[in-house]
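1. Let's see this in three dimensions:
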Amino acid sequence: MPFLVPGSDLRSLTTAFGTDRPYFTPIRNSDPRPEPLRVSARRTPTPSAGVSLDLTKKNDPRWSVCTADELHYVSVPNSDWNLALWRYLPSPQTTEPRNHPLLLLSGLATNAIGYDLSPESSFARSMSSQGYDTWILEVRGAGLSTHGTELEEINGLLEAGQNRATVVRGLSQTPLNIMEVGQRAVTSFADFQERFSTGLEDFQKQLGKLDWDFDHYLEEDVPVAMEYIRTQCKPEDGKLLAIGHSMGGILLYAMLSRSSSQGQDSGFASVATLGSSLDYRPSKSSLKMFLPLANPAQVLNVPVPFGAIYTALHHLVSRTPALSWLKPQVSAQDMMDPELYEKLVLNNFCTVPAKLLLQLATAFEEGGLCDRSGTFFYKEHLCKSNVPILALGGDQDLICPPEAVYETVKVIPEHLVTFKVLGELGGPHYAHYDLVGGRGAPEGVYPHIIEFLNRHDRA
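-> Just a heads-up that it's a prediction; the model follows:
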């Protein structure tokens, strides 16, 4: 099992995390935002590109939340869900063409914003600046993904058979400063009460739609998104590169396990996981504090509104020292700009169905995460995968500690997995989100990922 430094071995886990951190040249993003596409109401000439909508005729502010170059929608068969795909086009300054598109999967109860907080702190832009056609999937219930008739024009286009997907182009021409919106929402306690009340009203309206589990993501959402990306990008070998943060990485592990157990090709050229595990039992993960919520939520069939809860707690942190534990769950000390941290907290979290929580809770039980039937244990079959894996952990990740990451890594064939715990004894340190958007990520995290992607993209 190779580390990123020759001569390292797994015993370094029991000594000093991060002491083998190598030097990398910082990424210089000379083209942080590619030239936006022209807004057009005409169909694109490529049949697989779907339908282009004129954003100037849109009044829904959610369109402007998307800071990608394109926003695509793909429908999930046999459901009312239309999944949002944020697309970041490869930088035109890239000299080396890439062979595979890149899929990014977000964590539990989060949306695409975490991968693109700002032009200066954008995981997605960093990847596209390296020449990768980068796509962020928002699974059902997250971000701009829609259900039923929430966006009638999109559904009308889908039902009219013009394509399975809808494309919204030229998004970078109409950015919405959602940080400003978030700040306005908490300028006074009255404003906070109004925001929270509105959130609860929306939450109550959504109750009937919040009825899915982890396997819905695994069996329906991710596969339909992968197929659509393949149709758009047409890689010669039909494969994608993929990166998953937190639950996104768990999904990738589960897909490798499921496909290898069935003797099928996973569709991935390589996979990178950030703060992810199929088995959290050996660790002191702070997620254990949420386990008591799972069974009552399932019995009452009541989802958990993480977005509203986190917003409420964030507003109270400065006044309540007892809540000082909250920020380290997301970011280590001095690893995030305060304004970006607030933007993340106020805009990145959503509601989680009881069924999803209940299934994810099995990651803390004997055998690790299992399917909804309780008979298929994903970790048990991961050893059969033949896909190269990069597994990164943060030295101060309280949600998925290094011990939890290693508990999954150790079952993967050694020649296929590269494992690294990031962080130095004297700093920088990496908590759960810092692996994606912390101050140290461009120099301390992204080079590991890019080197791994480049190696397997060429292969």
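2. element containing T408?
-> helix 402-409 (DSSP states H and E).
3. Which neighbouring elements make contact with that helix?
-> Helices and strands touching helix 402-409, by 3 or more Cβ pairs under 8 Å, 6 or more residues apart in numbering; DSSP states H and E, are strand 389-394, strand 417-422. Just so you know, the C-beta spots here come from the backbone N, C-alpha and C atoms, and that holds for glycine as well.
4. tally of neighbours for Y433?
-> Per other Cβ atoms under 10 Å, the neighbour tally for Y433 reads 30.
5. what does Y378 give?
-> 27.
6. got a pLDDT number for it?
-> Y378 is assigned a predicted lDDT (pLDDT) of 98.
7. Give me the phi and psi angles of it.
-> phi -60, psi -40 (degrees, to the nearest 10).
8. Use 51 as the first number from now on
-> New numbering, starting at 51: the last item is Y428.
9. which ones are touching it?
-> By Cβ atoms under 8 Å, 6 or more residues apart in numbering, the contact list for Y428 reads Y303, A304, S307, R308, L328, G418, L419, C420, D421.
10. got the angle for the helix holding T458 vs strand 467-472?
-> Between the axes of helix 452-459 and strand 467-472, defined by axes from the mean of the first three to the mean of the last three Cα atoms, to 10 degrees, the angle is 180 degrees.
11. pLDDT of helix 452-459, averaged?
-> For helix 452-459, the mean per-residue pLDDT is 98.
12. Other residues contacting it?
-> Identification of contacts with helix 452-459 by Cβ under 8 Å, 6+ apart yields 51, 60, 63, 67, 303, 323, 325-333, 335, 418, 429, 432, 439, 441-445, 467, 469, 471.
13. returning to what we had before: turn the helices and strands packed on helix 452-459 into a markdown table, columns for mean neighbour count and mean pLDDT.
-> Listed next are the helices and strands packed on helix 452-459 as a markdown table, based on neighbours: other Cβ atoms under 10 Å; pLDDT from 0 to 100:
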| stretch | mean neighbour count | mean pLDDT |
| --- | --- | --- |
| strand 439-444 | 26 | 98 |
| strand 467-472 | 24 | 98 |
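14. so where's this structure shaky on pLDDT?
-> Residue ranges of the chain with pLDDT under 70: 51-113, 199-258, 343-352, 357-358, 360, 362-373.
15. and if we set it to 50?
-> 52-108, 201, 211-214, 221-239 (pLDDT under 50).
16. Format the helices and strands packed on helix 452-459 as a markdown table; extra columns: distance to K377.
-> Putting these into a markdown table (distance: least, Cβ to Cβ, whole Å) gives the following:
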| stretch | distance to K377 |
| --- | --- |
| strand 439-444 | 14 |
| strand 467-472 | 19 |
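17. Quick check: which of these is nearest to L485?
-> strand 439-444 (5.3 Å; Cβ to Cβ).
18. Output the closest one as PDB - backbone C-alpha positions only.
-> Extracted in PDB, the C-alpha atoms of strand 439-444 (Å, rounded to 0.1, in the frame of the first residue of the first chain):
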ATOM      1  CA  ILE A 439      -7.800   4.400  -5.000                       C
ATOM      2  CA  LEU A 440      -6.400   7.500  -3.300                       C
ATOM      3  CA  ALA A 441      -7.600   7.800   0.300                       C
ATOM      4  CA  LEU A 442      -6.900  11.100   2.100                       C
ATOM      5  CA  GLY A 443      -7.600  11.800   5.800                       C
ATOM      6  CA  GLY A 444      -7.100  14.900   7.900                       C
END
